[in-house]
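Peer 1: Just a sequence and a predicted model for now, questions to come.
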There are 2 protein chains.
Amino acid sequence: MTATIIDGKAVAQAIRNEVKAEVAQLRAKGLVPGLATVIVGKRPDSVSYVTSKRQTCEELGIASIGHELPETVSQEDLLALIRQLGEDPKVHGILVQLPLPKHINEEVILNAVPIDKDVDGFHPVNVGKLGMKGRQPLFAPCTPSGVVELLDRVGAKISGSRAVVLGRSNIVGMPAALLLLGRDATVTICHSKTRNIAEVTRQADILVAAIGKPKFVTADMVKPGAYVIDVGVNGVPVLNPDGTPAISEKTGKPKTKLVGDVDFDAVKEIAAAITPVPGGVGPMTIAMLMKNTLRGAKHAFGLL
Amino acid sequence: MTATIIDGKAVAQAIRNEVKAEVAQLRAKGLVPGLATVIVGKRPDSVSYVTSKRQTCEELGIASIGHELPETVSQEDLLALIRQLGEDPKVHGILVQLPLPKHINEEVILNAVPIDKDVDGFHPVNVGKLGMKGRQPLFAPCTPSGVVELLDRVGAKISGSRAVVLGRSNIVGMPAALLLLGRDATVTICHSKTRNIAEVTRQADILVAAIGKPKFVTADMVKPGAYVIDVGVNGVPVLNPDGTPAISEKTGKPKTKLVGDVDFDAVKEIAAAITPVPGGVGPMTIAMLMKNTLRGAKHAFGLL
């Protein structure tokens, strides 16, 4: 058996099309959803993420309100900006690109984002509601929502399944576990202190890997017929046939490629479905961010 | 092997003694911790719980600020009281006895309790922080904290263990799972949609039962040597030797007794340690509430 390769790019594109169509309907009524993106400093990875988010906003008709602050900005000034965006009626979502410089307390900044503009879903109130029966957060975090969306679109039965989440980060592992639990999976959360981890993962009908260890999940750790979602994005060196590191002719630096937390080539032979890296969960994050921004706008417009 | 019977009454008493000693030290400096208890209506079980809480406050030197409101109180008036208590510097904890009458939105009321007086730990911010890495809620919910306290005092190794929580309620199951995860257990949460539940529970080094089904956990569902914590409190009819319901001579009504979610007599033969019902987790809830109130007071006094 060879697994269905879950095409995250195609699913993400479908979601973007859905959002674009809804945004167009709102704009026809004079209602314009807006996303504020705030970046501090010039980390190349952060700049690249924020640029993609802003470009996607424009593609979908969402107003992009960008703020670039210097690396040296004070916590007070950043806080003042977040509060101003919090009160700005044109802003329906506020995204603060992480990580922030060390002199700034991330928790203080994120807690200043009003919960009805917290499109990242990182505010403790939104996390708390995610874990509570009978409560629904306005926003679920983007990457975990993308995980669940992929499972749904590929036809996985979540209710009643055994789901194992590897990793318990605030951004992916924990909220993914809470979302799957909310969908009635029996959820186990594994982490660095888990013993006999292969025994646990082999019980999973749905396996979500989010630990940041290249090819950690090997074929013997996977139950035949499982749905495997790989959230890992790890840069590893490209090797020449003789085992030496390949060097880029363009940059003169060692070549790297992206691999996930799952040994894709081996695991795809036994899983029912699997996400590749890149092209699996990755493209979903921005798509879900756009969906959350639309949701925030509909909430503000009284349309939810 | 016969299990250690975990004496919740004794542990709860030890905690009460610790709290009492700390309260006395605070009082010597003129600092008096205060707990406000709010009850709406006259449900006999609620009256009995609130009375115990108030008595315990007095035993430990904590000021007890009681408010009884009629069943017919409006949501607005209840909200006004909560807000007033929220601002009252003599009040360091606010306990709203649940359930509230149906015309009152429980979520609205509980969200009005300031998070630094939320001694029940039910506010979404406190729940969210419980589930987040690097965040600590000021208060963890009382009953789940009691569960962990019992495990600690009986010497269970939580880190690295497999823990299974039966039930995912906001009050017990979910926060117990988050607390155990925070202590580095590998946690699985089971619920009504879990399939082959015995297979899952048999893997547990630590088994927490909080589903409200009398004697649901039978001996074949328990791993030999497991730590079994029974949070269930179920009233069941007492039977005569001939199988007919026993009738109380005093009241003329059928006699009932309390049993837990675990088949105690059978499971105690294989577990390493087990809590009885009553006398296990039950007494811990009020003890942890007192501990939380003391914590709230120390927070307010700038002593944390």
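Peer 2: Looks like it came in fine. Not measured: the values here are computed from a predicted model.
Peer 1: quick one: the closest residue to A:Phe301 other than its chain neighbours from A:Val91, how far?
Peer 2: Once flanking residues are discounted, A:Phe301 sits nearest to A:Leu31: 5.3 Å by CB to CB, 6 or more residues apart in numbering or on different chains. Glycine gets a C-beta too; all of them are placed from N, C-alpha and C. Going from A:Leu31 to A:Val91 by CB to CB, to the nearest Å gives 14 Å.
Peer 1: Which residue of these two possesses the greater neighbour count?
Peer 2: A:Val91 (22 against 15; other CB atoms under 10 Å in any protein chain shown).
Peer 1: Just confirm that one contacts A:Ile65, I think it does.
Peer 2: Yes - A:Val91 is within contact range of A:Ile65, at 6.0 Å (criterion: CB atoms under 8 Å).
Peer 1: overlap in contacts of the two?
Peer 2: Shared contacts of A:Val91 and A:Ile65 (CB atoms under 8 Å, 6 or more residues apart in numbering or on different chains): A:34-36, A:85.
Peer 1: Which single one of the residues you listed is nearest to chain B?
Peer 2: Comparing the shared contacts of A:Val91 and A:Ile65 against chain B with CB to the nearest CB picks out A:Leu85 as the nearest, at 21.0 Å.
Peer 1: before we move on, the earlier item: can you lay out the shared contacts of A:Val91 and A:Ile65 as JSON lines showing pLDDT?
Peer 2: Listed next are the shared contacts of A:Val91 and A:Ile65 as JSON lines, based on pLDDT from 0 to 100:
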{"residue": "A:Gly34", "pLDDT": "98"}
{"residue": "A:Leu35", "pLDDT": "98"}
{"residue": "A:Ala36", "pLDDT": "98"}
{"residue": "A:Leu85", "pLDDT": "98"}
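Peer 1: Tell me which entries of those residues lie within strands.
Peer 2: Counting by DSSP state E, the part of these found in strands is A:34-36.
Peer 1: Which one (most neighbours) among those residues?
Peer 2: A:Leu35 (28 neighbours).
Peer 1: Distance of that one relative to A:Glu269?
Peer 2: 41 Å.
Peer 1: Identify each buried residue in stretch A:49-63, please.
Peer 2: Applying a neighbour-count criterion of 16 or more other CB atoms under 10 Å in any protein chain shown, one finds A:49-50, A:53-54, A:56-57, A:60-63 buried in stretch A:49-63.
Peer 1: Show me those that map onto strands.
Peer 2: Using DSSP E, the buried residues of stretch A:49-63 in strands are A:Ala63.
Peer 1: The closest residue to A:Ala209 other than its chain neighbours: neighbouring residues, count only.
Peer 2: Among residues not flanking A:Ala209 along the chain, A:Asp261 sits closest, at 3.8 Å (CB to CB, 6+ apart). If you count neighbours by other CB under 10 Å, A:Asp261 ends up with 25.
Peer 1: So A:Phe194: helix, strand or coil?
Peer 2: To be clear, residue A:194 is Thr; Phe isn't right here. Here A:Thr194 is coil, with the state taken from DSSP: H, G, I helix; E, B strand; the rest coil.
Peer 1: residues contacting A:Gly160?
Peer 2: So A:Gly160 contacts A:184-186, B:193-195 (CB under 8 Å, 6+ apart).
Peer 1: Domain-wise, how is chain A divided?
Peer 2: Domain assignment for chain A by automatic domain parsing gives A:29-115, A:142-284.
Peer 1: measure the last one end to end?
Peer 2: It stands for domain A:142-284. 8 Å (CA to CA, to the nearest Å).
Peer 1: What of stretch A:127-137?
Peer 2: 7 Å.
Peer 1: what residues does that stretch touch?
Peer 2: By CB under 8 Å, 6+ apart, stretch A:127-137 touches A:115, A:121, A:125-126, A:140, A:170, A:174-175, A:178-179, A:181-182, B:107, B:123-132, B:168-170, B:174, B:178.
Peer 1: Of those residues, just the buried ones, ChimeraX syntax please.
Peer 2: Buried residues among these (16+ other CB under 10 Å), as a ChimeraX selection:
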select /A:115,121,125,126,140,170,174,175,178,179,181,182 /B:123,124,125,126,127,128,129,130,131,132,168,169,170,174,178
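Peer 1: Please narrow the contacts of stretch A:127-137 to those residing in strands.
Peer 2: Per DSSP E, the contacts of stretch A:127-137 never map to strands.
Peer 1: Point me to the helix or strand that includes the spatially most central residue of chain A.
Peer 2: Nearest to the mean C-alpha position of chain A, counting by CA atoms, centre = their mean, stands A:Thr143 at 2.0 Å. Per DSSP states H and E, A:Thr143 falls inside helix A:142-153.
Peer 1: For that helix, enumerate the helices and strands it packs against.
Peer 2: Judged by 3 or more CB pairs under 8 Å, 6 or more residues apart in numbering or on different chains; DSSP states H and E, the packing partners of helix A:142-153 are helix A:8-28, helix A:173-182, strand A:227-230, helix A:282-300.
Peer 1: All the helices of chain A, residue numbers only.
Peer 2: Along chain A, counting by DSSP state H, helices occupy A:8-28, A:44-60, A:75-87, A:106-112, A:124-131, A:142-153, A:173-182, A:197-201, A:264-267, A:282-300.
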